[in-house]
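K.L.:
need coordinates for the below:
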Amino acid sequence: MCRQAVWRSGVVQKYKNKISYVIDSGYQLIFYLTVFTLFFLVCNSPKGYAIELTKAERAYLKKKGTLVFMSQTHYPPFEFVGEDGDHTGMCIELIRWIATEFGFKALFTDSSFQEAQRAVLSGKADVLTSFFFSDKRDKTFDFTQTMFEVPATIFVSAQRPDIKDITDLKGKVVAMQAGDYAKEYLELNGINCNFNYTKNFAEATENVISGDADAVIGDEQIVLYHVFSNNLTQQIKKVGTPLYVGHNCMGLKEPGGALLSIMNKGIELARQKGVLSQIQHKWLGVSFSAEQTPWFFFLWPYIVAVLAAVALLTALVWFWNLNLREQVATKTAALTSSEKTLRTILDASPLGIGLSEGKIITWCNSAMYKILGFQDGELIGKSTDITYPDKNSLRESEKVVSEMVKSGSNSNLETRWIRKNGTSFDCRISFAPLQIENKLMVIAIAEDITDKKRAVQQIKSSLEEKELLLREIHHRVKNNMQVISSLLRLQSGKLKDEDAVSVFKDSQNRIQSIAIVHESLYQSETLSQINMQEYLETLSNQLCPVYINSRETINIRISAQDIVLSLDHAAPFGLIATELITNAMKYAVSDEHPLEIEIIASINKKSCIIVKICDSGPGFSHDIDLKQDHTLGIKLVKALVTDQLEGEWHLESAKGACWTIKWPVR
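P.N.:
So this is what the prediction gives:
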């Protein structure tokens with residue numbers, strides 16, 4: 001908003017200056033014309049050329065080797081065979097230039113117009129060098145973009161007054177080059193006439209001069225080239241406006257494919273580089289000569305036109321001034337109102353906002369004065385250094401501002417500022433570069449964060465106290481569990497019934513599994529989750545001495561390195577693991593082979609934890625229906641899986657017992 005306010009104030013002053021400038025100086029119009037001219041020249045200055053052949057197009061040229069171009073023997077100035085027997089003309093020059101640019105070899109051959117078309121369609125030639133586009137031809141040929149525009153005009157003997165336009169050709173003998181589009185055009189327009197076909201336009205023109213034909217409809221540049229080259233300007237004339245403007249293209253057998261794309265790119269590149277214009281100026285720079293009229297005969301219309309233009313421009317400038325006055329007045333009022341609104345918004349902001357040029361403060365809002373303890377206006381013209389209590393804070397800020405100016409992006413900084421009364425405080429500052437009227441300025445948005453930092457510190461201290469308390473709770477719960485376990489162990493020592501001792505031992509192990517959970521939570525960093533690998537290793541190490549006489553008779557492999565258990569899942573899973581590991585140690589041990597227990601844990605794509613606990617024992621008997629509760633351990637496992645973990649279980653007993661427990665991660 002600060003940027004907009006400064007910009008809008010500059011716009012208001014700019015409009016005021018423009019009004020006085022327009023009123024005081026009549027050269028304002030010249031100034032804008034000059035600016036327009038420069039803009040036009042810049043927009044039309046040569047640009048980079050980014051036309052390149054694709055990999056497929058280059059491969060086509062390499063495979064083709066030489067491209068055969070078929071042209072008309074006599075169609076000057078576009079294409080013809082010169083006196084030295086070489087092919088020349090506007091289209092020939094363009095194709096040679098394209099061949100040089102794209103690096104392919106061009107072979108030129110010539111024939112009559114109709115024979116040239118047949119050569120391309122039969123595949124004897126690749127490209128027809130000069131071919132007018134029409135809808136009828138487009139059904140058989142593919143056309144490139146237009147190279148040259150060729151108006152088709154009626155030419156008659158210089159002494160004939162009776163033929164003025166196309167309607168006067170009815171019943172007349174019209175000479176034209178065989179295969180030319182003019183015949184199709186006359187038929188489409190319902191002009192019934194007799195046709196005198198010739199090999200080329202030069203022959204058709206000669207037939208008109210000799211009286212063998214009443215008129216010739218010819219491509220203007222070709223007929224004019226013949227007329228001027230043979231000094232026939234007094235014997236023939238053109239009448240009416242052009243019947244149509246032909247689009248002179250290159251023709252290819254349909255479909256043109258890669259070759260059509262190559263030719264189009266060559267023509268476009270020639271157009272961008274000005275080669276097409278150079279060729280046209282070279283060959284068509286001669287105007288149709290006419291009887292010269294004294295120069296002063298045309299002077300008076302120009303004088304009238306100049307006077308009318310001056311009068312019109314004067315009126316336009318006058319009306320423009322009136323309109324500009326109204327527009328500027330309206331915009332000035334709107335900008336003034338907008339600026340007032342923006343200043344009100346900026347002053348109402350609770351954040352301090354300031355603007356500086358170099359290190360000199362140029363503007364501040366009310367909140368900035370309040371934060372720093374100054375009266376309105378006291379900071380203007382002062383150095384930004386007065387806001388820093390020591391050199392270290394100042395150097396840190398200067399470094400941030402310097403990097404911000406170099407990168408052109410916003411920067412943030414937390415530092416100490418000092419008030420007018422000498423007290424310092426914590427402050428968060430956002431810096432941003434601002435370009436105003438070619439001046440680099442810096443906008444700073446400041447916030448007093450003393451209270452926030454104090455609150456954060458209080459919250460941090462409170463969290464540390466709660467964390468310490470929670471650790472102590474886990475520690476005491478673990479100790480209480482161990483006390484209960486010890487009591488059970490002492491009590492079982494007085495029992496003589498083996499079944500009762502086994503029950504006490506199982507209960508002791510279950511309590512111990514929960515105690516390990518609290519011990520792991522007490523030692524963890526988060527206090528809310530434990531590592532499954534570490535937990536299972538600790539649990540198995542405590543269970544082994546209880547059920548296994550020799551450590552060498554059991555081998556436990558655990559693979560759960562990346563799995564963590566939440567506080568809600570740790571205790572029920574610990575009881576499940578205790579039951580299944582204990583069951584394997586009690587019933588799967590054999591004197592013949594060491595007991596193998598393997599525990600594998602993973603997380604699938606559906607965010608479910610899958611734990612497999614398998615042993616190498618004999619497994620469960622087929623007579624046992626696990627769906628029916630038959631032991632406390634099985635009841636406990638099933639209840640914990642379905643009720644506590646909200647999961648599911650599966651048992652395979654082909655080669656030992658293999659439990660699969662799956663539950664969703666929450």
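
K.L.:
measure Ala119 to Gly574 for me?
P.N.:
Remark: distance between Ala119 and Gly574 (CB to CB, to the nearest Å) = 92 Å. Quick note: C-beta positions are derived from backbone N, CA and C, even for glycine.

K.L.:
out of these two, which sits in the busier spot?
P.N.:
Using other CB atoms under 10 Å, the more surrounded residue of Ala119 and Gly574 is Gly574, with 25 against 19.

K.L.:
got the CA positions of the helix or strand hosting the more buried one in CSV?
P.N.:
Using DSSP states H and E, Gly574 sits within helix 567-587. Provided in CSV are the C-alpha atoms of helix 567-587 (Å, rounded to 0.1, in the frame of the first residue of the first chain):
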residue,chain,number,x,y,z
LEU,A,567,1.4,-44.7,22.8
ASP,A,568,-2.0,-46.2,22.1
HIS,A,569,-0.6,-49.2,20.2
ALA,A,570,2.5,-49.9,22.2
ALA,A,571,0.9,-51.6,25.3
PRO,A,572,-1.5,-53.9,23.4
PHE,A,573,1.1,-54.9,20.9
GLY,A,574,3.6,-55.6,23.7
LEU,A,575,1.1,-58.0,25.3
ILE,A,576,0.4,-59.7,21.9
ALA,A,577,4.2,-60.1,21.2
THR,A,578,4.7,-61.4,24.7
GLU,A,579,2.0,-64.1,24.3
LEU,A,580,3.2,-65.2,20.9
ILE,A,581,6.9,-65.3,21.7
THR,A,582,6.2,-67.0,25.1
ASN,A,583,4.0,-69.6,23.4
ALA,A,584,6.8,-70.4,21.0
MET,A,585,9.4,-70.7,23.8
LYS,A,586,7.1,-72.9,25.8
TYR,A,587,5.8,-75.3,23.2
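
K.L.:
my guess is Lys105 meets Phe69, correct?
P.N.:
No: with contact defined as CB atoms under 8 Å, Lys105 does not reach Phe69; the gap is 10.7 Å.

K.L.:
which one's more surrounded, these two?
P.N.:
Each of Lys105 and Phe69 has its neighbours counted (other CB under 10 Å); Phe69 has more, 26 against 11.

K.L.:
direction included, what does the helix or strand where that one lies pair up with?
P.N.:
Secondary structure from DSSP H and E places Phe69 in strand 66-72. Neighbouring strands of strand 66-72 in its sheet, by DSSP bridges, are strand 105-111 (parallel), strand 127-132 (parallel).

K.L.:
using the centroid of the protein, identify the residue furthest from it.
P.N.:
Using CA atoms, centre = their mean, the residue of the chain lying farthest from its centre is Lys496. It sits 81.6 Å away.

K.L.:
and that residue, its phi and psi?
P.N.:
Backbone torsions of Lys496, given as degrees, to the nearest 10, read phi -110, psi -20.

K.L.:
what sits against it?
P.N.:
By CB atoms under 8 Å, 6 or more residues apart in numbering, the contact set of Lys496 is empty.

K.L.:
surely Phe102 touches Lys62?
P.N.:
No: under the criterion of CB under 8 Å, Phe102 makes no contact with Lys62, lying 11.3 Å away.

K.L.:
what about those two, which has more around it?
P.N.:
Phe102 (18 against 10).

K.L.:
hang on, the earlier thing: what about the strand holding Phe69, average pLDDT?
P.N.:
Taken as a whole, strand 66-72 has an average pLDDT of 92.

K.L.:
same deal with stretch 199-206?
P.N.:
In this model, stretch 199-206 carries a mean pLDDT of 88.

K.L.:
just stretch 330-346 next, same as before
P.N.:
Across stretch 330-346, pLDDT averages out at 82.

K.L.:
pull out the buried residues from that stretch.
P.N.:
By 16 or more other CB atoms under 10 Å, the buried positions in stretch 330-346 come out as Thr332, Leu335, Glu339, Leu342, Arg343, Leu346.

K.L.:
closest to Ala315 among those residues?
P.N.:
Thr332 (25.7 Å; CB to CB).

K.L.:
which helix or strand lies directly C-terminal to the strand or helix carrying that closest one?
P.N.:
Using DSSP H and E, Thr332 falls within helix 299-348. Later in the chain than helix 299-348, the nearest helix or strand by DSSP H and E is strand 352-357.

K.L.:
and that following strand, what does it pack onto?
P.N.:
Packing partners of strand 352-357 (3 or more CB pairs under 8 Å, 6 or more residues apart in numbering; DSSP states H and E): helix 2-24, strand 360-364, helix 366-372, strand 439-448.

K.L.:
going by mean pLDDT, which of the ones you listed comes out lowest?
P.N.:
Here the lowest mean pLDDT among these goes to helix 2-24, at a mean of 49.

K.L.:
hmm, back to that, got the angle for the helix holding Thr332 vs strand 352-357?
P.N.:
For helix 299-348 against strand 352-357, the angle between stretch directions is 140 degrees (axes from the mean of the first three to the mean of the last three CA atoms, to 10 degrees).
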